[in-house]
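Visitor: Structure for the following, please:
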Amino acid sequence: MSKEELRASPSSGVSRSATASGAVFLSYASEDATTAERIATALQSAGIEIWFDKTELRGGDVWDQKIRRQIRECALFMPIISAHSQQRLEGYFRLEWKLAVDRSHLMAAERPFLVPVVIDDTHDAAALVPDRFREVQWTRLAAGETSPDFHARVRRMLEVTSGTSGVAASPEAGIWSDSLPEKSLAVMPFANLSADRENEYFSDGLSEEVLNALSGVAELRVAARSSSFYFKGRTTDLQEIARRLRVAHIVEGSVRRAGNRVRVMAQLVDLRNGFQLWSERYDRELADVFEIQDEIARAISARLKVALLSGARRPTSNMEAYELYLQGHHHLNQRSPTSIHAAVQYFERCIALDPNYALAHAGLVHCYGILFFRGLTSHAAAKARAQTAMQKAIECAPELWECNFSRAVYLNYFESDWNEADPYFKRALEINPRASLANAYYAVVNSIVQREAEALRYVEDACKLDPLSANIHALSSAALVILGKFSEGEALAHHALELQPDHMLGLWWHASALSGLRRHDEAVATMERVVSIARTPVFTGSLGLVYGRAGRHEDAGRLRQELEDRRVRGEFSIGIGRLALELGSNDNERVREALTAAAGEAAQGYLIRLACGPFMEPYRSDPEIDRLCRKLYGW
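Guide: All right, here's what the predicted structure looks like:
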């Protein structure tokens, strides 16, 4: 926008729509002016009033007041998102976006207002936009080419805002019907009503198994577990859940255990109007829990008129083993050092009771990978246990995505064999394309081997599948930072921290992205926070890296001595930590020696790339460093 506005009028040969009330405010970076005008002209030709500036003159109090007034008065706000807006960290359009977001907070949930439009291949997961933009459906208009369907949708939204259509009174009012598919739902964590509050793992596990069963229905869009469980313990309005998860229904319920008896109550609710569509109470023996899960999934499928191909899984006939598995899974999801060790113990006890419990073996692989990555156990000790668990998981249930994923994870963490891991990632995603964790991990692996297009695809899929998962956004940030896409990586890590402020991986990758952007003071403060939470060798070395890049070589030197002292004491992953630290030294000889030592340790390629990301690239003019990198990664 600027001093001149282009409005639909008889003189321009375009008449105003008889049904639409108010105007659409088009906001864009100046580099996108031509494309913005193409969109404006097409919408005007469809009878929609547009507030759009054809000049590039900006400034002055009168003009500023005019822009602010138009944003206060427009019916819809349409920000144009592109590579140009990504590159522009400052610009008047960003103030326009902020003003629009501020206004949106004053609106009822039923009121459509923000209409983000992407005009190129910018990925919404990594877009540098206000979080409010992510809560509504985005439209992709390649090069600004619109369609009659898009024109019709804009008119429908204008009708809702003006109250000139019956749509305003419908359940979908303000949450556009095409952005909330009829066949979409989220399974919320069932409330634990048992006298023993420690039974929460059981209620969580029951609701997750219902979710897993429903996720197998191709025509049903089911929100991922991490995003559904984001609302656990929060008092959240139904419309807010619908908007953030982009689903039309939720399944919620409660579980009460008493001895060998269990009472489960479940209901299906239409989020658009709050109406209960189905409910049931189950009073059964504990051993009947799998039948309860299956009956809930089938009842919901029938109500939404979709075909459930298979019910909830029956992974074991031993109920004690099942409960131990649920407790292990519960602790694994917390991902703290203490909880991972606890998860290992529960999985191992589960396997002692049922040696063929495939999911428990798969869970162990993941636990050992995390323990090794964080330097909490040696490569040799973790590899031996992870290998046994991985082989048993595949042997017991090669048809499960979790078992194929566990084999891919093992090959990455312990063998650094990308080529052999690739088919297992693909098989896991073929079985369950909605597995957000598998999508995020595969994005990282594609980044490591420089398959940029594939990495970006899986980043976008992971974040769309699990929009409220801090862990998924942190892993996706890692994939982008490894590719050197620091701005996009910073945006994803920032979003992870908005979801979970002390998320360790989110903090780590936020610090790495900030360092890549040369925002050194912020990078140092963030990485110091990571080390205050977990002073592992890898994180300590990463702090040394950002110290060095910030010019704080004396501080890095102290950390160098600390890592040496810890190596003498027999700690693990010192080589990776030392390499990360030396990358901030601007000393090729030190980097060469550190890389040689780290690469000489067993199967460290995956961790080297994670910890050091793109910061090694400037050193590859050194022939020996380049040779080692090619040996590790093939490029």
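
Visitor: how near is H553 to Y619?
Guide: From H553 across to Y619, the span is 17 Å (Cβ to Cβ, to the nearest Å). From N, CA and C alone the C-beta is placed, and that goes for glycine too.

Visitor: same check, this time on E395
Guide: Using Cβ to Cβ, we find E395 at a distance of 43 Å from Y619.

Visitor: Neighbours of the spatially closest residue to T146 that is not a sequence neighbour, how many?
Guide: The shortest distance from T146 to any non-neighbouring residue, by Cβ to Cβ, 6 or more residues apart in numbering, is to A42 (4.3 Å). A count of nearby residues for A42, using other Cβ atoms under 10 Å, gives 19.

Visitor: Which stretches in this protein count as strands?
Guide: Secondary structure of the chain by DSSP state E: the strands cover 24-27, 50-51, 76-81, 117-118, 139-140, 184-187, 191-192, 221-222, 249-258, 261-270, 276-285.

Visitor: In CSV: those strands, plus mean pLDDT, mean neighbour count and distance to R627.
Guide: CSV is the format used below for the strands of the chain (pLDDT from 0 to 100; neighbours: other Cβ atoms under 10 Å; distance: least, Cβ to Cβ, whole Å):
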stretch, mean pLDDT, mean neighbour count, distance to R627
strand 24-27, 92, 26, 50
strand 50-51, 85, 24, 58
strand 76-81, 93, 24, 42
strand 117-118, 92, 21, 41
strand 139-140, 86, 16, 43
strand 184-187, 93, 26, 50
strand 191-192, 92, 18, 57
strand 221-222, 91, 23, 48
strand 249-258, 92, 20, 55
strand 261-270, 93, 20, 60
strand 276-285, 92, 13, 63
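
Visitor: mind putting the ones you listed in a markdown table, distance to E90 included?
Guide: Formatted as a markdown table, the strands of the chain follow (distance: least, Cβ to Cβ, whole Å):
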| stretch | distance to E90 |
| --- | --- |
| strand 24-27 | 15 |
| strand 50-51 | 23 |
| strand 76-81 | 16 |
| strand 117-118 | 21 |
| strand 139-140 | 25 |
| strand 184-187 | 37 |
| strand 191-192 | 46 |
| strand 221-222 | 37 |
| strand 249-258 | 40 |
| strand 261-270 | 43 |
| strand 276-285 | 48 |
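
Visitor: coming back round to it: okay, E395 and Y619: which has more neighbours?
Guide: Y619 (21 against 12).

Visitor: I figured that one hits V591, correct?
Guide: Yes: contact criterion Cβ atoms under 8 Å: Y619 and V591 qualify, at 5.0 Å.

Visitor: got any residues that touch both of the two?
Guide: L583, I625 (Cβ atoms under 8 Å, 6 or more residues apart in numbering).

Visitor: mind listing what E182 touches?
Guide: So E182 contacts A248, L304 (Cβ under 8 Å, 6+ apart).

Visitor: how far away is it from M188?
Guide: The span separating E182 from M188 equals 19 Å under the rule Cβ to Cβ.

Visitor: One more: H330?
Guide: Counting by Cβ to Cβ, the gap from H330 to M188 is 16 Å.

Visitor: In contact with the residue nearest to T146, which residues?
Guide: G144, T146, H151.

Visitor: what residues are up against the nearest residue to the last one once chain neighbours are set aside?
Guide: What it means is H151. Distances taken as Cβ to Cβ, 6+ apart place A46 nearest to H151, at 3.9 Å, with adjacent residues excluded. Under the criterion of Cβ under 8 Å, 6+ apart, the neighbours of A46 are S17, P148, H151, V154, R155.

Visitor: More neighbours: H330 and M188, which one.
Guide: Taking neighbours as other Cβ under 10 Å, H330 and M188 compare with M188 leading, 22 against 19.

Visitor: V251 is in contact with the more buried one, correct?
Guide: Yes: applying Cβ under 8 Å, one finds M188 in contact with V251, separated by 6.7 Å.

Visitor: which residues are in contact with both of those two?
Guide: Counting by Cβ under 8 Å, 6+ apart, the shared contacts of M188 and V251 are S207.

Visitor: coming back round to it: can you put the contacts of A46 in TSV and add distance to E208 and pLDDT?
Guide: Listed next are these as TSV, based on distance: Cβ to Cβ, whole Å; pLDDT from 0 to 100:
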residue	distance to E208	pLDDT
S17	48	33
P148	42	82
H151	42	86
V154	39	86
R155	41	83
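
Visitor: Now the two most distant members of the residues you listed.
Guide: Farthest-apart pair in those is S17 and P148; separation 14.1 Å (Cβ to Cβ).

Visitor: Any stretches of the stretch 251-400 of the chain with poor pLDDT?
Guide: Low-confidence segments of the stretch 251-400 of the chain (pLDDT under 70): 309-312.

Visitor: Which parts of it are helices?
Guide: Using DSSP state H, counting those that start in this stretch, the helices of the stretch 251-400 of the chain run over 289-303, 319-334, 337-353, 358-373, 379-396.

Visitor: closest to G91 out of these?
Guide: So among these, helix 358-373 is nearest, using Cβ to Cβ, at 39.2 Å.

Visitor: which secondary structure elements does the closest one contact?
Guide: helix 319-334, helix 337-353, helix 379-396, helix 401-410 (3 or more Cβ pairs under 8 Å, 6 or more residues apart in numbering; DSSP states H and E).

Visitor: in that helix, what counts as buried?
Guide: Neighbour-count burial for helix 358-373, counted by 16 or more other Cβ atoms under 10 Å, picks out 358-373.

Visitor: from those, which is closest to R303?
Guide: L359 (28.5 Å).

Visitor: what's the distance between that closest one and P337?
Guide: Remark: distance between L359 and P337 (Cβ to Cβ) = 22 Å.

Visitor: For T236, grab the count of nearby residues.
Guide: With other Cβ under 10 Å as criterion, T236 counts 12.

Visitor: do the same with D204
Guide: Using other Cβ under 10 Å, D204 is surrounded by 21 other residues.

Visitor: next one: the one 5 residues further on
Guide: When counting by other Cβ under 10 Å, one arrives at 24 neighbours for E209.

Visitor: cool, L610 as well?
Guide: Neighbours of L610 under the rule other Cβ under 10 Å: 24.

Visitor: didn't H123 look like it was pressed against L456?
Guide: Yes: proximity of H123 to L456 meets the contact threshold set by Cβ under 8 Å, at 5.7 Å.

Visitor: So between the two, which is more surrounded?
Guide: L456 (23 against 20).

Visitor: Now do D61, the pLDDT please.
Guide: pLDDT, D61: 65.

Visitor: that older thread, out of the helices of the stretch 251-400 of the chain, deepest packed?
Guide: Among the helices of the stretch 251-400 of the chain, the stretch with the highest mean neighbour count (mean count of other Cβ atoms under 10 Å) is helix 358-373, at a mean of 25.

Visitor: Great, nothing more from me.
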